[in-house]
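> A predicted structure for the sequence below; I have some questions about it.
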Amino acid sequence: MTYLSDTVSIHPYFRVHPGKLDEFKALMAEFISKTATEEACLFYEFSIGGDLVFCREAYRGGEGVLVHLENVGDILSRALKISDIERLEFHGAAAELDKLRVPLSDLNPQWFELECSLQK
């Protein structure tokens, strides 16, 4: 198994409540600062389209995802008071996603299992 085949990416789309985008942007800075301490984080970034905020993020293995979610739990709780998760996806190898299915089942995400890839 190669380095990238253990990668799990998370794709949350947050619909920010009216008038709360500046407050959400402040939380984005907190998310980034807190996530910067995580060894398993491969990348973490936000992009915005109107009132929809997308977080593009990836981690080494399912364990890295669980560490991240625990690490940012407080910030995520505050973010969910001013936004709603419109869509949540987890992408990765089946073995890594299997580590997440039970502990994250209450989030009702969509699961995407890696089928094939190209790595350079």
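Looks like it came in fine. Numbering: from 1, shown residues only.
> nearest spatial neighbour of S47, chain-adjacent residues omitted?
F54 (5.1 Å; CB to CB, 6 or more residues apart in numbering). C-beta here means a position set from N, CA and C on the backbone, and glycine is covered the same way.
> now for the helix or strand containing F90, which elements pack on it?
Counting by DSSP states H and E, the element that carries F90 is strand 83-92. Judged by 3 or more CB pairs under 8 Å, 6 or more residues apart in numbering; DSSP states H and E, strand 83-92 is in contact with strand 7-16, strand 110-113.
> pLDDT on the first one, on average?
On average, the pLDDT along strand 7-16 is 98.
> the protein: helices as residue ranges?
Using DSSP state H, the helices of the chain run over 21-35, 61-71, 73-79, 94-101.
> what is the neighbour count of G62?
Residues near G62, counting by other CB atoms under 10 Å, number 23.
> I misspoke; the intended subject was L104.
Look at L104: counted by other CB under 10 Å, it has 19 neighbours.
> could you dump the helices of the chain into CSV with mean pLDDT added?
Shown next, in CSV, are the helices of the chain (pLDDT from 0 to 100):
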stretch, mean pLDDT
helix 21-35, 98
helix 61-71, 98
helix 73-79, 98
helix 94-101, 97
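> quick one: closest of those to C41.
Across those, C41 has its closest neighbour in helix 21-35 (5.5 Å, CB to CB).
> mind listing what's buried along that closest one?
Using 16 or more other CB atoms under 10 Å as the test for burial, helix 21-35 gives 21, 24, 27-28, 31, 34-35.
> most packed of the helices and strands packed on strand 83-92?
Scoring those by mean neighbour count under mean count of other CB atoms under 10 Å gives strand 7-16 as the most buried, with a mean of 20.
> and the angle from that one to strand 83-92?
In terms of direction (axes from the mean of the first three to the mean of the last three CA atoms, to 10 degrees), strand 7-16 departs from strand 83-92 by 170 degrees.
> show residues contacting strand 7-16.
24, 42, 51-62, 64-65, 79, 82-93, 96-97, 100 (CB atoms under 8 Å, 6 or more residues apart in numbering).
> chain center to that strand, what's the gap?
For strand 7-16, the separation from the chain centroid amounts to 4 Å (computed by CA atoms, centre = their mean, to the nearest Å).
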